[in-house]
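Asker: I'll drop the sequence and a predicted model, then ask my questions.
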Amino acid sequence: MLNGKVVLISGASSGIGALTAALLAKRGAVPVLTGRNEARLAKQAAAIGRNCSYYVMDVTDMRQVEAVVRKVIQQYGRIDILLNNAGYGQFETFADMPVEQFEAMMDTNYMGIVRCTKAVLPYMLKQGGGHIVNVASMAGKIGSAKSTSYTATKHAVLGFTNSLRMELRGQGIRVSAINPGPIDTEFFAIADPTGSYAKNVGWFMMKPEYVANAIVRVMERKKSELDLPHAASLGIKLYGLFPRVADRLFGGLFNRK
Ligand code: NAI
């Protein structure tokens, strides 16, 4: 089903982006890895072997995004799936986080998705189909302490995703969101340098391989939205229905940053 599909992935030099690229190649798809670190991209691409390529692409640089998308189209003639995965978090209280850090995180986590989608969508519309998969987060659904900035960026990603899905209905382009809880990746090196959050939530951290597999399944089944782990999906629904009760029941669990 994914055989021969060209999949452009942002933030693919590490974590779930890199693992999803490897899984896609195993299924016969053609992953195009992008990221800021050329040496790491080259290493990931070499590990995958043939039938993949890589380009340096910083999602905060619109010109670079457009240039890379043009090159990928020249190389393969199409982009079937865009995996908007690049992103980072910094767990800090609102009082202690400077405004510039709010701006920078929004510029990557949200505006990065806007830029990549803006560059790729015209080609998908021209080819009459495509799938845009955005990696949001459980933080896109539920607020928690020390996460005003990160949570806001991921709420923005989900708002964007849900609206774009409605807008593109009937045009052959599917739009999906993945909302994972904590995953054991390098994400925490920046988000939580002291390691205290990772220590507190270690017992329910997901393996990145599990999340990458779930992302591939979303690509195969074109599911609109996936919360991970699956058990969390129920908690998230409860939050939507009874936010105050859920805050009392689960607040302690999420406020461990
Ligand atoms: P990761 O840190 O290994 O991967 C994120 C990648 O994005 C890195 O390679 C990083 O260099 C890249 N990136 C950051 N800024 C970029 C930019 N301006 N341009 C291009 N690439 C850039 O961590 P992970 O966990 O694989 O993160 C992937 C996505 O999953 C992120 O969007 C993150 O917010 C999201 N996520 C992660 C969770 C976790 O607990 N690890 C939980 C929920 C969502």
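Answerer: Cool, got the structure.
Asker: what does the stretch 1-150 of the chain put close to the ligand?
Answerer: 10-11, 13-17, 35-36, 58-60, 85-89, 108, 112, 135, 137 (CB under 6 Å from any ligand atom). Just so you know, the C-beta spots here come from the backbone N, C-alpha and C atoms, and that holds for glycine as well.
Asker: May I have the biggest strand by length in the chain exported as CSV, CA atoms only?
Answerer: In the chain, taking DSSP state E as the definition, the longest strand is strand 173-180. Output of strand 173-180 as CSV, limited to C-alpha atoms (Å, rounded to 0.1, in the frame of the first residue of the first chain):
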residue,chain,number,x,y,z
ILE,A,173,-6.0,15.1,0.2
ARG,A,174,-6.1,13.6,3.7
VAL,A,175,-4.9,15.4,6.8
SER,A,176,-4.0,13.5,10.0
ALA,A,177,-2.7,14.3,13.4
ILE,A,178,-0.7,12.1,15.8
ASN,A,179,-0.9,12.9,19.5
PRO,A,180,1.6,10.9,21.5
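Asker: For Gly49, see how far away the residue nearest the centre of the chain is.
Answerer: Geometric centre of the chain, nearest residue: Val135, 2.3 Å, by CA atoms, centre = their mean. Noted for Val135: a distance of 24 Å to Gly49, by CB to CB, to the nearest Å.
Asker: Val245 now?
Answerer: Val245 sits 51 Å away from Gly49, going by CB to CB.
Asker: For the residue of the stretch 51-200 of the chain found nearest the ligand, give its distance to Tyr197.
Answerer: Per CB to the nearest ligand atom, Gly87 is where the stretch 51-200 of the chain lies closest to the ligand, at 2.4 Å. Distance check for Gly87 against Tyr197: by CB to CB, it reads 17 Å.
Asker: try Asp80
Answerer: Using CB to CB, we find Asp80 at a distance of 36 Å from Tyr197.
Asker: same question, Asp247
Answerer: According to CB to CB, Asp247 and Tyr197 sit 19 Å apart.
Asker: my guess is Glu66 meets Cys116, correct?
Answerer: No - applying CB atoms under 8 Å, one finds Glu66 not in contact with Cys116, separated by 9.8 Å.
Asker: Please identify which of Gly87 and Tyr197 sits among more neighbours.
Answerer: Neighbour count, other CB atoms under 10 Å: between Gly87 and Tyr197, Gly87 has more, with 25 against 20.
Asker: Now for the more buried one: which residues touch it?
Answerer: Neighbour list for Gly87: Gly11, Thr108, Asn109, Gly112, Val135, Thr153 [criterion: CB atoms under 8 Å, 6 or more residues apart in numbering].
Asker: hmm, 7 Å instead?
Answerer: Gly87 is in contact with Gly11, Thr108, Asn109, Val135, counting by CB atoms under 7 Å, 6 or more residues apart in numbering.
Asker: Now, these that are in helices?
Answerer: Thr108, Asn109 (DSSP state H).
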